[in-house]
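[1] Can you look at this prediction? I've put the sequence above it.
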Amino acid sequence: MPPPSRRARHWLGSSKEQAIPEHRTVERFDVALVAVGTHGDVLPFIALGHELLKRGHGVSLAAPAPFEAMARRAGLAFQPLGTVADYEAVIRQPDLWHPQQGFRPMFDYALRVAEPACLWLGATRARGIDLRVVASPLGWGARLAQDLYDLPTATLHVMPFLIESRYDPPRLPGLPLPRVLPAALRAYVNLGVDKVAVGPFTLPPLNALRARLGLDPVYRLRHWWNSPTGMLLMFPDWYAEPQADWPGQAVQLGFPLVDRFGDVASMPPELEAFLEAGDPPIVFTYGSAMRQGAGFFDTAVRLCRRMGRRGVLLAPQGGQIPKPLPAGIIHLPYAPLSALLPRSAALVHHGGVGTVAQALAAGVPQLVVPVAFDHFDEGRRLKDRDLGATLSRRAFRPARAARVLGRLLADPAVTRACAAARARMADGRDAVLDACDYVERLTAAESGPGPSRAS
C-alpha cells in the first residue's frame, strides 16, 4: 500500500500552523449549506451551521423539507428542497433499499432538486453577499452554482465509501469482490460499475440541465461532484487510512457526533426508566429513512428472547414493530444514541456511518445487517478492526444472529478494540469545530482561479 496523503492526514493535528489560531479575528461572512440525503447526511450540516452561527456568521441550509424543524431549532435559516411528500415518495420506494438499485431513486431526487438549489445560490450571490458554500456529494445544485459563479465551495463527505482509490477501493453494495483480489483490479471493477450502471442513468439528464445553463458536459459523476477547490472528509484516519491517490484538495478530519440535533435532543423519560430497570439492553435500529424493516424488527424480538436479553427497538414508524412486545423490550421512534449506547450492551443496525460513529464513541460492539449504499463498506471496516461483524439480511435469523452476537460480546479482542475506539473518539479533536475552521479559511482568494466549466 502506498504512503498516505500527507495533506489529508496533517492539515490539522500535527500541522497546527495551518489551523486558525484562537486569537485570529475572522470577518463575518455568509455560508450556504446544501445537503441532500437522510439524517446521517443532513445532521452534520446542521451541526456545522449551528457552530458557524455561534461564531457570528450568517448560515442558511438547503435540504429536504422534513429537516426544517431540526434546522430551525439550531437557529438556521432554511430553504426546502422539494416537499415533505417528495421526500417520503423517495424513501418509500422499494428500490431504495436494493443493493444494486438503491442509488437510482436517490440520484433521481438529487437531480430534481439540483436546479432549485442552484437558482437559490445564484439569487443569494446576486445580492452581493460574501458567500461560501459547503455541500454534500448529492448537493449537485452547489456544484452547478460553483461552475456558473466560481463560488468558494467545499464538498463534505461523511463516509469513506464515496472516496475512490485504486489502493483501497470501497466495497460496493451487491458486489462482494473477494479481498484476495488485487486492490487495483477491484478498483477497476468499481470504475466499470460507474460507466455501466451509474453514468448511463445519471449523466444524460444532468448534462441536459448543464447545457441549459450554458455549461459543458460532465463525464464522470463521482469525479465531478467533488469541488475542485475543497473537500472535507469527516471520518478519522484510523478508521479510513488516507491514500496517496485521494484528491489533493481533500482534508481529513474526524467523525461528527451530531445526534443532539436530531428528532429528540435528550433521553425520553420512558427510555430512562427502562434503562434503570434492568441490565444493559441490545439496541436495534434500521435507519431513520427505513420504511420496510418489519422483518428486521421481528427477528430482533426473537433474538432478544433467545439470548435472554432486553432490547430497545428504534423505528420512526410503529407499523414496522411486532405487537404486542414481550416484557423487557421497548419501542421508541427515536432516541439520541450518544446517551443510549453507553448504557447498552451492543448495537444491531443497518451500517449507516453516523450510527457506526456513535457506537464507536460508546465502545460497544456492532452487528451490521447491511441494506445498500455504504452499509457493506462500513461493515467491512468494522470487521477488519475487530469492532463488529456483519450478517446479510437473508442470514439475519435468530439462531445465527445469537451465535454471532454472543461471540462479539464474549471475545476479548472485540472488547479491547471497542475500548480503544472509544478512547480515540474521546481524545480526538472536535470534527465540527475543525470543519468550521476550514470553512473560515475558504475564501475566493485561497480557492484558486476558479473551476473549469467542464468536468
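    Sure, I can see it. Numbers count the residues shown, from 1 in each chain.

[2] Assign a three-state SS to H331, would you?
    Assigned with DSSP: H, G, I helix; E, B strand; the rest coil, H331 falls in the strand class.

[3] quick one: pLDDT of it?
    pLDDT, H331: 96.

[4] Name the spans of the stretch 251-400 of the chain whose pLDDT lies under the cut-off.
    Counting by pLDDT under 70, the stretch 251-400 of the chain shows low-confidence ranges at 265, 289-291, 318.

[5] how about a cut-off of 90?
    259-267, 286-294, 316-320, 372-373 (pLDDT under 90).

[6] now the strands for it?
    Here the stretch 251-400 of the chain has its strands, by DSSP state E, counting those that start in this stretch, at 282-285, 311-314, 329-332, 346-349, 366-368, 388-390.

[7] Can you list the strands that the last one pairs with?
    Yep, that's strand 388-390 we're talking about. Under the criterion DSSP bridges, strand 388-390 sits next to strand 366-368 (parallel) in its sheet.

[8] Check which residues of the partner strand are buried.
    Q366, L367, V368 (16 or more other C-beta atoms under 10 Å). Placement of C-beta: from N, CA and C, glycine included.

[9] max-length helix in this protein?
    helix 103-126 (DSSP state H).

[10] Next, the distance between the ends of stretch 191-203.
    End-to-end distance for stretch 191-203, by C-alpha to C-alpha, to the nearest Å: 15 Å.

[11] And stretch 224-242, by the same measure?
    20 Å.

[12] on that earlier part again, closest one to V218 among the strands of the stretch 251-400 of the chain?
    Ranking the strands of the stretch 251-400 of the chain by proximity to V218 (C-beta to C-beta) places strand 366-368 first, at 32.9 Å.

[13] follow-up on the earlier one: summarise which helices and strands the longest helix of the chain is packed against.
    strand 30-34, strand 58-64, strand 77-81, helix 84-91, strand 131-135, helix 140-149, helix 199-212 (3 or more C-beta pairs under 8 Å, 6 or more residues apart in numbering; DSSP states H and E).

[14] Return the member of the ones you listed having the minimum mean pLDDT.
    Looking at these, the bottom one is helix 84-91 with a mean of 90.

[15] thinking again about what came up before, dump the helices and strands packed on helix 103-126 into a markdown table; add distance to M159 and mean neighbour count as well.
    Output for those, formatted as a markdown table (distance: least, C-beta to C-beta, whole Å; neighbours: other C-beta atoms under 10 Å):
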| stretch | distance to M159 | mean neighbour count |
| --- | --- | --- |
| strand 30-34 | 17 | 26 |
| strand 58-64 | 17 | 25 |
| strand 77-81 | 20 | 20 |
| helix 84-91 | 18 | 16 |
| strand 131-135 | 15 | 26 |
| helix 140-149 | 17 | 25 |
| helix 199-212 | 19 | 15 |
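
[16] Adding distance to T124 as columns, could you present the ones you listed in a markdown table?
    A markdown table is the format used below for these (distance: least, C-beta to C-beta, whole Å):
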| stretch | distance to T124 |
| --- | --- |
| strand 30-34 | 6 |
| strand 58-64 | 8 |
| strand 77-81 | 9 |
| helix 84-91 | 22 |
| strand 131-135 | 6 |
| helix 140-149 | 9 |
| helix 199-212 | 19 |
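
[17] Ok, which of the ones you listed comes nearest F296?
    From these, taking C-beta to C-beta, the stretch that ends up closest is helix 84-91, at 15.7 Å.

[18] related to what we said a few turns ago, could I have the longest helix of the chain exported to CSV, CA atoms only?
    Once non-C-alpha atoms are left out, helix 103-126 reads as follows in CSV (Å, rounded to 0.1, in the frame of the first residue of the first chain):
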residue,chain,number,x,y,z
PHE,A,103,-28.7,4.7,-6.0
ARG,A,104,-31.3,5.3,-8.7
PRO,A,105,-34.2,6.8,-6.6
MET,A,106,-31.7,8.9,-4.6
PHE,A,107,-29.8,10.2,-7.6
ASP,A,108,-33.1,11.0,-9.3
TYR,A,109,-34.1,13.0,-6.3
ALA,A,110,-30.7,14.8,-6.2
LEU,A,111,-31.2,15.8,-9.9
ARG,A,112,-34.7,17.1,-9.3
VAL,A,113,-33.6,19.4,-6.5
ALA,A,114,-30.3,20.5,-8.2
GLU,A,115,-31.7,23.3,-10.3
PRO,A,116,-33.7,24.9,-7.4
ALA,A,117,-30.6,24.8,-5.2
CYS,A,118,-28.5,26.3,-7.9
LEU,A,119,-31.0,29.1,-8.5
TRP,A,120,-31.2,29.8,-4.8
LEU,A,121,-27.4,30.1,-4.6
GLY,A,122,-27.4,32.3,-7.6
ALA,A,123,-30.0,34.6,-6.2
THR,A,124,-28.1,34.8,-2.9
ARG,A,125,-24.9,35.7,-4.7
ALA,A,126,-26.7,38.4,-6.7
